[in-house]
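J.: requesting a structural model of the entry that follows:
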Amino acid sequence: MFGRYLTGFLRLTFAALVSFPSFLGAIDLKPEEVRGKGTQSPVTILQNRYFLKTFRPELGIAYGTITNEAYTNTHLMTFRGGLFFTEWLGVEVQSISAKVTDSDDYKSLKRLRYRKYDDPSIEVHPDPEVNKIKKILDFTGVVAPFYGKLNFADWLIIYSDLYLTAGVSKVDTDQGNLTALTYGAGQRFYWQKSLSFRVDFKSRMYTEKTNANQDHRKVAYSVDFGLSYFLF
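T.: Numbering: from 1, shown residues only. So this is what the prediction gives:
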């Protein structure tokens, strides 16, 4: 008796195991039940910004140098102000004062004036092309499309912006005020929601005169490090 019951139970179990997968295969979930009935369901990235700068005036200072001057050492002291209209688009004004000294190469050339030669007909008149920069005034637009955070050795999280700049500059030189096209890039590292540390790389392209009174296209590259504070 028990053997017949056991045999019947095993047969029912086998039949269920054989037919159940085909039953599951017949269950077809409708896409709208999973994704929603809308024909378009775009996936967006949540951007929970810890540091906000929209309509918060920015004031800052920076110190840097012009990197491609052969005959001068040009150090830059910068005061800046800016305003972002969105989290990624804004404007900025920079007023820069330059402190210029002769480079070692230029000093060596000057010493050639006093060198004596056995032949008195030999005269040395070193006269390199030097047009010192005195002041710079920048008017630029700022685009900051990249915002994220850096993990420093699993010890410190640093929030950062990467931005591009472009605009015009007034460059005060030995030859007077020259109009320049300026463009560059930079990165900002935030601290305590209002304070940030900035690194900026800029190029200023303008036309100056050579000693032969010919036009010469000049590009001055600069790098500066500074602090900025967002008001309100």
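
J.: list the contacts of the residue most central in space within the chain.
T.: With distances taken as Cα atoms, centre = their mean, the residue of the chain nearest its centroid is Gly186 (2.8 Å). Contacts of Gly186 were listed using Cβ atoms under 8 Å, 6 or more residues apart in numbering, and they are 162-163, 165, 198-201. C-beta here means a position set from N, CA and C on the backbone, and glycine is covered the same way.

J.: now what about stretch 58-70, what contacts it?
T.: By Cβ under 8 Å, 6+ apart, stretch 58-70 touches 73-84, 92, 98, 103, 105-106, 128, 133, 198, 200, 219-231.

J.: of those, which belong to strands?
T.: The strands in this structure, assigned by DSSP state E, contain 73-84, 92, 98, 133, 198, 200, 219-230 from the contacts of stretch 58-70.

J.: sorry, back to before: could you flag which of the contacts of stretch 58-70 are buried?
T.: 74, 76, 78, 80, 82-84, 92, 98, 103, 106, 133, 198, 200, 220, 222-224, 226, 228, 230 (16 or more other Cβ atoms under 10 Å).

J.: surely Asn211 is within a helix?
T.: No - counting by DSSP: H, G, I helix; E, B strand; the rest coil, Asn211 is not found in a helix; it is coil.

J.: need the helices for the chain, in chain order.
T.: 2-26, 31-35, 104-111 (DSSP state H).

J.: count the residues that sit near Val143.
T.: Residues lying near Val143 (other Cβ atoms under 10 Å) number 12.

J.: Leu195 now?
T.: Leu195 has 14 neighbouring residues, counting by other Cβ under 10 Å.

J.: mind listing what it touches?
T.: Contacts for Leu195 (Cβ under 8 Å, 6+ apart) come out as 227-230.

J.: in the sheet, who's paired with Leu227?
T.: For Leu227, the beta-bridge partners are Ile61, Phe197 (DSSP bridges).

J.: residues contacting Ser160?
T.: Counting by Cβ under 8 Å, 6+ apart, Ser160 touches 147-150, 187-190.

J.: and it, how far from Gly148?
T.: Distance of Ser160 to Gly148, given as Cβ to Cβ, to the nearest Å: 6 Å.

J.: before we move on, what about Leu162?
T.: Leu162 sits 8 Å away from Gly148, going by Cβ to Cβ.

J.: between the two, which has more neighbouring residues?
T.: Neighbours per residue (other Cβ under 10 Å) separate Leu162 from Gly148, with Leu162 holding more: 13 against 10.

J.: list the contacts for the nearest residue to that one once chain neighbours are set aside?
T.: Excluding its sequence neighbours, the residue lying closest to Leu162 (Cβ to Cβ, 6 or more residues apart in numbering) is Phe146, at 3.9 Å. Neighbouring residues of Phe146 by Cβ under 8 Å, 6+ apart: 161-163.

J.: make TSV out of those residues and add distance to Arg111 and pLDDT.
T.: Listed next are the contacts of Phe146 as TSV, based on distance: Cβ to Cβ, whole Å; pLDDT from 0 to 100:
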residue	distance to Arg111	pLDDT
Asp161	48	94
Leu162	46	96
Tyr163	45	98
